[in-house]
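Participant: requesting a structural model of the entry that follows:
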Amino acid sequence: MMRIALFLCLLLLVPPVASGAPSPPHARPVSPAHPSIPALGQESTLLMEVSTGEVLQSSNPHRRFPPASLDKLMTLYLTLQAMHAGRLTLETPLTVSTAAWRVGRRPGSSRMFLDRGDIVTVDRLLEGLLIDSGNDAAEVLAEAIGGSAAQFVEEMNAAAARLGMHDTHFVSPHGLPAPDEYVSAWDVAALARRILLDDPDVVRFASPRYMTYGGIRQANWNNLVFRDPRVDGLKTGHTVESGYSIIATARDGGMRLIAVVLGAPTLRRRTALAEGLLDTGFARYALMPIPWKGFVPAAVPIYGGRAGELPLETRYPVAVLLERDGHDPLEVSEILTIRPIAPIRRGQQVGVLTVQRAGRVIFRSPVLAAATIEPNGLPGRVWGVLEYAVGRLLLRGRATWSGTYTPQG
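Facilitator: Numbers count the residues shown, from 1 in each chain. Predicted coordinates for the structure are as follows:
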C-alpha cells in the first residue's frame, strides 16, 4: 500500500504534457481589449487669439490624436458653408434616416435621441451636434449635405486640405472610433478660428447649458460653460482611445481665445489644462486698438474726379495682440497700391496697412475706398491725369506713409 501511495504522489507532482506542439518558452503577452489611456503629460495643448491667429502657447501641437467627437467641428464647418452657398437654411427641415438613427444607437454613442422618420430643422440639429454631441445629428447633416456619409467624409478631407490641416484625416462625420482617423491641436485650432471668423454667432448653438429634445433633457458636454461665464463653446470629445479632449473658446472684452487640449487622461486634467490656458491668456495679453488715422492718412488726394479727396478705411479693425506690460514702439505703415485717379468704387482695395514690432509684421489689412468717386468729364479727367503725373515727377505725389505709435499702459 505504501508503494502505491508513493507512486500516486509522484504522478501528481509531474506536470501534464499538452497535446500538439510545445508552448514557446516566452509566450507573447495578450493585448488589452482597449488601447491604454493617454499618459499624464503627453497631452497636446494650444492657445490662440482669434482675430490675429497668433499662437500664444503650445505643447506638442502637431501630435496626432484620435479625434472622437472633435470630428463634429468639421461637420459644423461644412454645414455653415452649405448655408452660405444657399443649399440650407437654419429652418430647412431634414428627415432622420434609419442609418442616422442606428448611429445614435451604437454602444457608447452620444446622441440627440433622434428617432427614425423625425423631421428636424437645421438649427436644432446644430444644437444637438454641439450641446448633446449627437452622433445621430452629425449623420443627418452629413447625409443632407453630401448625399451620403461616405461622400460627406470626402468633402471633410477636401476641406481639411484647403485649410492646411496637414495632420488631419477624417473617417466619419461623428468621430466614433475608427482606424486611421486623427487630428492635431494645431489643425483643430485653425478650423475653430475659421468658423469663429466666418460665423461669430455660431457660439449660440454651443453655449447653452442644457438642451431638450423628444422630452429628454441633456447637459452640455462642455463642462466649462458651467464654470466660466467667458466660455461659450465650442466642442469636446472623449473615447478610451482619444482620452479627454476639448476645443474651448472664451471672450473677455474685445478679445476671444481658443484653448485646445487633446489626449488628457482624465476629465479633471482636461479641465485644469483648458482653464489654465484661458486664464493665462486673458491675464497676460490684451488686444490693443491702434489709432492708425493719427499716424498715416485717413484720406488721400484723388485726381480727375468730382471730389478732390478719397476717404479710406481698413477691411479689418486695426488692433494688435500685446503683452499687458509691453510698451515697445510700433511702426504703422500705409502703402497706396493704385493710381489715385477717378473713377474709384467704394470697397475697392487701394492700399495696404501694416503694423510692425521690432521689424516683424504683426498686423496687415487691405485699405479700402470708403466712398465712390465718379470721374469728371473728359477734359477734367485728362487734366487730373496730367496733374498727377507732374506731381509724381516733382515727388509731390506720395504713395507711402509711416509713423510710430508707443502703446501706453
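
Participant: now do the host helix or strand of residue 235: distance to the chain's middle.
Facilitator: When elements are assigned from DSSP states H and E, residue 235 belongs to strand 231-239. Offset of strand 231-239 from its chain centre (CA atoms, centre = their mean, to the nearest Å): 12 Å.

Participant: so where do the strands sit in the stretch 1-150 of the chain?
Facilitator: 44-49, 55-59, 93-95, 119-121 (DSSP state E, counting those that start in this stretch).

Participant: of these, flag the one that's most buried.
Facilitator: Among the strands of the stretch 1-150 of the chain, strand 44-49 has the highest mean neighbour count (mean count of other CB atoms under 10 Å), at a mean of 24. Backbone N, C-alpha and C define where each C-beta goes, glycine included.

Participant: okay, the angle between that one and strand 55-59?
Facilitator: Going by axes from the mean of the first three to the mean of the last three CA atoms, to 10 degrees, strand 44-49 is angled at 180 degrees with respect to strand 55-59.

Participant: direction included, what does strand 44-49 pair against?
Facilitator: strand 55-59 (antiparallel), strand 255-264 (antiparallel) (DSSP bridges).

Participant: quick one: contacts of the first one?
Facilitator: What that stands for is strand 55-59. 43-49, 61, 185-186, 189, 257, 277, 280-281, 284-285, 321 (CB atoms under 8 Å, 6 or more residues apart in numbering).

Participant: again, 7 Å this time
Facilitator: For strand 55-59, contacts defined as CB atoms under 7 Å, 6 or more residues apart in numbering pick out 44, 45, 46, 47, 48, 49, 185, 277, 280, 281, 285.

Participant: centre of the chain versus that strand, how much separation?
Facilitator: 15 Å.

Participant: circling back to that earlier point, what's the closest of the contacts of strand 55-59 to residue 355?
Facilitator: The nearest member of the contacts of strand 55-59 to residue 355, counting by CB to CB, is residue 49 at 14.7 Å.

Participant: check contacts around residue 337.
Facilitator: With the criterion set at CB under 7 Å, 6+ apart, residue 337 makes contact with 350, 351, 352.

Participant: separation between it and residue 346?
Facilitator: Computed as CB to CB, to the nearest Å, the residue 337 to residue 346 distance reads 17 Å.

Participant: ok, back up a step: most neighbours among the contacts of residue 337, which one?
Facilitator: residue 351 (23 neighbours; other CB atoms under 10 Å).

Participant: for that one, what are its contacts?
Facilitator: Contacts of residue 351 (CB under 7 Å, 6+ apart): 334, 335, 336, 337, 367.

Participant: of all the contacts of residue 337, which comes closest to residue 78?
Facilitator: Of all the contacts of residue 337, the one with the least separation from residue 78 (CB to CB) is residue 352, at 31.9 Å.

Participant: re the thing from before, nearest to residue 168, of the strands of the stretch 1-150 of the chain?
Facilitator: Across those, residue 168 has its closest neighbour in strand 44-49 (12.9 Å, CB to CB).

Participant: one step back: list the pairing partners of the strand holding residue 235 within its sheet, with orientation.
Facilitator: For strand 231-239, pairing defined by DSSP bridges yields strand 243-252 (antiparallel).

Participant: what mean pLDDT does the strand it pairs with get?
Facilitator: Here strand 243-252 scores 98 as its mean pLDDT.

Participant: neighbours of the residue lying closest to residue 222 once chain neighbours are set aside, just the number please.
Facilitator: In space, and not counting its chain neighbours, residue 222 is closest to residue 236: 5.2 Å by CB to CB, 6 or more residues apart in numbering. Residues near residue 236, counting by other CB under 10 Å, number 25.

Participant: one step back: which residues touch the strand holding residue 235?
Facilitator: With CB under 7 Å, 6+ apart, strand 231-239 has contacts from 66-70, 72-73, 130, 133, 175, 177, 192, 203, 206-207, 221-222, 224-225, 244-251.

Participant: of those, which belong to helices?
Facilitator: 72, 73, 130, 192, 224, 225 (DSSP state H).

Participant: give the contact list for the residue lying closest to residue 125 once chain neighbours are set aside.
Facilitator: Counting by CB to CB, 6+ apart, residue 137 is the residue found nearest to residue 125 once chain neighbours are left out, at 4.7 Å. Residue 137 makes contact with 112, 114, 125, 128, 129 under the criterion CB under 7 Å, 6+ apart.

Participant: export the residues you listed to TSV and append columns for distance to residue 91.
Facilitator: As requested, these are exported to TSV (distance: CB to CB, whole Å):
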residue	distance to residue 91
112	18
114	18
125	12
128	16
129	16
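
Participant: so how do I select the buried members of the contacts of residue 351 in PyMOL?
Facilitator: Here is the PyMOL command that selects the buried residues among the contacts of residue 351 (16 or more other CB atoms under 10 Å):
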select buried, resi 334+336+367
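
Participant: looking at the contacts of residue 351, which are in strands?
Facilitator: In strands, judged by DSSP state E, the following of these are found: 334, 335, 336, 367.

Participant: how close does residue 180 sit to residue 53?
Facilitator: 29 Å.

Participant: how about residue 161?
Facilitator: The gap separating residue 161 from residue 53 is 19 Å, by CB to CB.

Participant: neighbour count winner among these two?
Facilitator: Relative neighbour count places residue 53 above the other of residue 161 and residue 53, with 14 against 11, counting by other CB under 10 Å.
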